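> Predicted model and sequence follow; I will ask about them next.
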Amino acid sequence: MQLARKEEIFAKDGNKTYSLMAIVEGESLHVERGPENTVQTWPHLMVRELLLFLVVLLAILGVSLLFNAPLEEAANPLHSTNPAKAPWYFVGIQELVSYSAFLGGILVPAAIVVGLLLLPYLDRSPKGIGVWFSADRKLANTLFTVFVVAMVVLIFIGQFLRGPNWIIRWPW
Amino acid sequence: MNDATYSVKDAIKQLPTNIKQSFTRREAGTAEQEQAATVFGNLFLHLHPVRVHANALRPSYTMGLGLISFFLFLILVVSGILVMFYYTPSTELAYRNMKDLEFAVSFGIVLRNIHRWSAHAMVAMVFLHMCRVFYTGAYKAPREFNWVIGVCLLLVTLFLSFTGYLLPWDQLAFWAVTVGSNIASYMPWIGDKIRFLMLGGNEVGQMALLRFYVMHVALLPLVAVVLVGVHFWRIRKDGGLSRPTEE
C-alpha cells in the first residue's frame, strides 16, 4: 500500500513553474496522496485483481489434483440411499424439515429470503458504514451472527451427525 | 481537397504503429493518461473507474470475497463448457459419460474435479461475501439495491449448484435432488405443482434431467451474467466500494 501511494504523488513537471496561489481551509491534510486519496486503477487495482485470480486458479487446480469429486453408483430409483441427504447448503433446511415440514420447508427459507431482501430498507441508520463490526451496530451484528451460527450449526448437524434413518450419531 | 500525399511506402513504415493504434484506440500520451486510457478505452475494464479510492485496495477490508466469487464463476464457465463436450443429458448415458471422463478422457477427471470443487467453493464464497457486506454495513444507503441484486445472485448461485448436482446421475445426485425437490413440495397449495414444474413429472427421471440440464447450462448462467453485470455497474454508480467517512 505504501509503495502504491508513493508512485502516486503528483510529480513536479520540469516544464512548469509552481507558486503558492492561495491557502484554503480543508478537512484533511493531503500530504503524500492524490486528490481524495485515490490511485490509478491500472496498475494498482488491476494487478492485484490479476494476482488474486492466479491464486484462486492455483488453489482450485491444487485441490482438483489432490481430491476427486465424489461419484457413487449409477442412479437407481428403486434403491434409496440411507440416509438420503440434500446438497450440503440445503442440509440445514433438511434438518429443519425433519423437525417440521412447514417450519423447515416454508417458514424459515421464506423468512430468510424476505428478511435479506428487506434488510437495507429496514435498517436506515447510516452509522457504521465501511467499518468491520462497528460498535454502533451491536444489535445488527449480534442478530446476523446468530443467523450465521444457526445456519452453520444446522448444516453441521445434518451433514455430519445424521446417520441412517436420520438418527443422531457421532461422525466417526 | 486534401493535399496530403499518401504513399504506400510510408504506410508500410507506419504499419505496426497504425495497427496498434486502431486496436487499442489509443494515442501516445503521458504515463498517467495512458494508464487511464488502459481502463476506460477497454470494453472489459471500463466497469472500473479510472481511479479508485485507496480503501478499495485494502485486502483486510473486502478480503476479495466478491472478486473470488466472480473468478470462480469464470472458472466454472470455462470448465463447464469443456465438460459439456463430453456430456449427454440422458439417463442412459449421463453416468457413463462421468465414467468416461474418469477413465477415457485425458485429464477428464481433473476437469470434472475443477468444476465440482469450484462450484462448492463459489457457494461458500458468495455466502462469505454476503457476511462481509453485512458486517461492514456496506448494504446501507445508497447501496440498498445492490444488496438486493446480491441476494438474487446468492439464490441464482444456489440454484446453479443444485441443478448441476443432478447431472452426474449417480445415487448421490438422484437422492439429493429427490430430497431437495420434496422440500419444495411442502409449500401449501402449490407445492406439488411447483415440484411437477421443476421435475417435469412426479419423480426424478429423464424429464427432470433434461430440465435441470437446460437450466444449468443456459438459463441460469445467462441470468447470472446479467445480474453480475448490473451488480458491478451498481458498485460504480453507487460511489465505489463502501468506506468510512473521511476524518
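Structure's in. What do you need? Since we're looking at a predicted model, the values are computed, not measured.
> Please identify the buried residues of whichever strand or helix holds B:Met122?
Assigned by DSSP states H and E, B:Met122 falls within helix B:108-135. Using 16 or more other C-beta atoms under 10 Å in any protein chain shown as the test for burial, helix B:108-135 gives B:108-123, B:125-130, B:132-135. In short, each C-beta sits where N, CA and C put it, glycine included.
> One more: stretch B:28-48?
B:Gln35, B:Ala36, B:Ala37, B:Thr38, B:Val39, B:Leu45, B:His48.
> Pull the contacting residues for the closest residue to B:Tyr139 other than its chain neighbours.
The shortest distance from B:Tyr139 to any non-neighbouring residue, by C-beta to C-beta, 6 or more residues apart in numbering or on different chains, is to B:Trp147 (3.7 Å). If you count contacts by C-beta atoms under 8 Å, 6 or more residues apart in numbering or on different chains, B:Trp147 has them with A:Leu119, A:Pro120, B:Val133, B:Ala138, B:Tyr139.
> Distance of the third one relative to chain A?
Just to be clear, that refers to B:Val133. With distances taken as C-beta to the nearest C-beta, to the nearest Å, B:Val133 is found 10 Å from chain A.
> CA-only coordinates of stretch B:209-229, as PDB, when you get a sec.
Extracted C-alpha coordinates of stretch B:209-229, given in PDB (Å, rounded to 0.1, in the frame of the first residue of the first chain):
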ATOM      1  CA  LEU B 209     -32.600 -34.500 -16.000                       C
ATOM      2  CA  LEU B 210     -33.300 -32.500 -19.200                       C
ATOM      3  CA  ARG B 211     -34.900 -29.600 -17.300                       C
ATOM      4  CA  PHE B 212     -32.100 -29.400 -14.800                       C
ATOM      5  CA  TYR B 213     -29.600 -29.500 -17.700                       C
ATOM      6  CA  VAL B 214     -31.200 -26.700 -19.700                       C
ATOM      7  CA  MET B 215     -31.500 -24.600 -16.500                       C
ATOM      8  CA  HIS B 216     -27.900 -25.400 -15.600                       C
ATOM      9  CA  VAL B 217     -26.200 -24.700 -18.900                       C
ATOM     10  CA  ALA B 218     -28.400 -22.000 -20.500                       C
ATOM     11  CA  LEU B 219     -31.000 -20.200 -18.400                       C
ATOM     12  CA  LEU B 220     -29.300 -19.700 -15.000                       C
ATOM     13  CA  PRO B 221     -25.800 -18.800 -16.400                       C
ATOM     14  CA  LEU B 222     -27.500 -16.100 -18.600                       C
ATOM     15  CA  VAL B 223     -29.400 -14.700 -15.600                       C
ATOM     16  CA  ALA B 224     -26.200 -14.800 -13.500                       C
ATOM     17  CA  VAL B 225     -24.100 -13.000 -16.200                       C
ATOM     18  CA  VAL B 226     -26.800 -10.200 -16.500                       C
ATOM     19  CA  LEU B 227     -27.100  -9.800 -12.700                       C
ATOM     20  CA  VAL B 228     -23.300  -9.800 -12.200                       C
ATOM     21  CA  GLY B 229     -23.000  -7.100 -14.800                       C
END
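> Among the contacts of B:Trp147, which are located in helices?
The members of those that map onto helices under DSSP state H are A:Leu119, A:Pro120, B:Val133.
> can you tell me which of the residues you listed lies nearest to A:Ser134?
Ranked by distance to A:Ser134 (C-beta to C-beta), the ones in helices among the contacts of B:Trp147 are led by B:Val133 at 13.2 Å.
> How confident was the prediction at the closest one?
You'll see B:Val133 listed with a pLDDT of 96.
> State the number of residues packed around residue 58.
Picking chain A for this. 10 (other C-beta atoms under 10 Å in any protein chain shown).
> Chain B, not that one
Neighbours of B:Arg58 (other C-beta under 10 Å): 13.
> Please name the nearest non-neighbouring residue to A:Pro126.
Leaving out its chain neighbours, the residue that sits closest to A:Pro126 by C-beta to C-beta, 6+ apart is B:Lys140, at 6.0 Å.
> One more: A:Ala135?
What sits nearest to A:Ala135 in space, not counting adjacent residues and going by C-beta to C-beta, 6+ apart, is A:Gly128, at 7.8 Å.
> and the one you found, how many neighbours?
So A:Gly128, with other C-beta under 10 Å, has 22 neighbours.
> And A:Thr38, by the same measure?
A:Thr38 has 19 nearby residues by other C-beta under 10 Å.
> That one against B:His53, yeah?
Yes. A:Thr38 is within contact range of B:His53, at 5.4 Å (criterion: C-beta atoms under 8 Å).
> thinking again about what came up before, name the element the residue nearest to B:Tyr139 belongs to?
Taking DSSP H and E as the definition, B:Trp147 sits inside helix B:144-166.
> roughly how far out does that helix sit from the chain middle?
11 Å (C-alpha atoms, centre = their mean, to the nearest Å).
> Over to stretch A:80-91?
With C-alpha atoms, centre = their mean as the basis, stretch A:80-91 stands 25 Å off its chain's centre.
> Check whether it comes near chain B.
Yes. On the criterion C-beta under 8 Å from any C-beta of the partner chain, stretch A:80-91 is in touch with chain B at A:Ser80, A:Thr81, A:Ala84, A:Lys85, A:Ala86, A:Pro87, A:Trp88, A:Tyr89, A:Phe90.
> can you pull the contacts of residue 119?
Reading this off chain A. The neighbours of A:Leu119, taking C-beta under 8 Å, 6+ apart as the test, are B:Phe134, B:Tyr139, B:Trp147.
> Let me rephrase: I mean chain B.
Contacts of B:Ala119 (C-beta under 8 Å, 6+ apart): B:Leu76, B:Leu160, B:Ser161, B:Gly164.
> Let me see the contact set for the residue lying closest to the last one once chain neighbours are set aside.
Of all residues beyond its chain neighbours, the one nearest B:Gly164 is B:His216 (5.0 Å), with distances taken as C-beta to C-beta, 6+ apart. The contact partners of B:His216, by C-beta under 8 Å, 6+ apart, come to B:Leu160, B:Thr163, B:Gly164, B:Leu167.
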